[in-house]
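**Student:** predicted model follows, preceded by the sequence.
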Amino acid sequence: MELTSIPQDIGTARMLGIAGSALVLLGILIPFLSLIGFVLVLVSLYMLSKQMGEESIFRNAAISVVLSIAGFIVFAFLTGASFFAISGALGSGELTALTAAGIGSLLAGFVILYIAMVASAVFFRRALEALAGRTGVDMFRHAGLAYLVGSITLIVLVGILIILIAWALLLVGFIQLRPEQGMGAQAAIQEGPGESIGQT
C-alpha cells in the first residue's frame, strides 16, 4: 500500500464506522439494522487494523464476535431443550422432575449467555483500546469501557442503556477520527529498521 493512499483508505474505514455505529443505534427502532451496522463496524476495524499495522484491533474484535455467536448458539440450544422438557412434563403429568430439568436448562442458558457476552465485551474493549492507542482518539477508549460496563450490568437491565451510550460514544469516536491520524503509524511500518537507524 502506498503511503499517499492511506488518508483515503482510513477515510473509507471512518465512514463505514460512522454508518455502522449509527445503524446499530437505529436498531432500536428497526432491529435488523443493528446486524448490518455491526458488520460495517467490523469491516471498518479490519481496514483500520491493516492500514495501521495493528493486528490486535481486528483480532480482538473477531474474538468478541465469535464469543457472542457461541453464547447465543448455546443459549438457543439450552432454551429449546428446556421448552421440550417442560412441554413433555405438562403432557405426561410428571411435572416435578422434567419441569425442574427444563428450568435448570433455561437458567444454564442464561448464565452461559451472560458469561459469553461479558467475555465478548472484554475483547471488544481491547480492540477499541488498541484503536485509541494508534489513533489518539480517546473516545474509542471510553466507548470500550462503557460497552464492558453495559455488558456486566445487563443482568439488571440498565446495561442496555449503557451499551447504547457506548455505541453513541463509538459513533463520536469515528467522527473525531481524521485520516492523518493513521499516517504516523503506517509510516513507521513502511520505514524499515535500517532507514530509522540512518535517520538518527
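**Tutor:** Good, I have the coordinates.

**Student:** who touches Leu48 in this structure?
**Tutor:** Leu48 is in contact with Ile10, Ala13, Gly17, Glu54, Ile57, Phe58, Leu131, Arg134, Thr135, Gly182, counting by CB atoms under 8 Å, 6 or more residues apart in numbering. All C-beta atoms are positioned from the backbone trio N, CA, C, and that covers glycine.

**Student:** try it again with 7 Å
**Tutor:** Applying CB atoms under 7 Å, 6 or more residues apart in numbering to Leu48 gives the contacts Ile10, Ala13, Ile57, Leu131.

**Student:** among these, the buried ones, what's the ChimeraX command?
**Tutor:** Buried residues within the contacts of Leu48, by 16 or more other CB atoms under 10 Å, are selected in ChimeraX with:
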select :10,13,57,131
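
**Student:** among the contacts of Leu48, which one sits closest to Ile69?
**Tutor:** Using CB to CB, Ile57 is the member of the contacts of Leu48 that lies nearest Ile69, at 19.4 Å.

**Student:** isn't the closest one right up against Ala127?
**Tutor:** Yes - the pair Ile57 / Ala127 is scored as a contact, 5.2 Å apart, by CB atoms under 7 Å.

**Student:** which residues do those two both contact?
**Tutor:** Both Ile57 and Ala127 are contacted by Leu45, under the criterion CB under 7 Å, 6+ apart.

**Student:** quick one on the thing from earlier: any idea which of the contacts of Leu48 the model trusts least?
**Tutor:** In this model, the minimum pLDDT among the contacts of Leu48 belongs to Ile10 (90).

**Student:** now the most centrally placed residue in the chain: which helix or strand?
**Tutor:** The residue lying closest to the centre of the chain (CA atoms, centre = their mean) is Phe124, at 4.5 Å. In this assignment (DSSP states H and E), Phe124 forms part of helix 95-135.

**Student:** lowest-pLDDT helix or strand in the protein?
**Tutor:** Lowest by mean pLDDT, DSSP states H and E among the helices and strands of the chain is helix 193-199, with a mean of 43.
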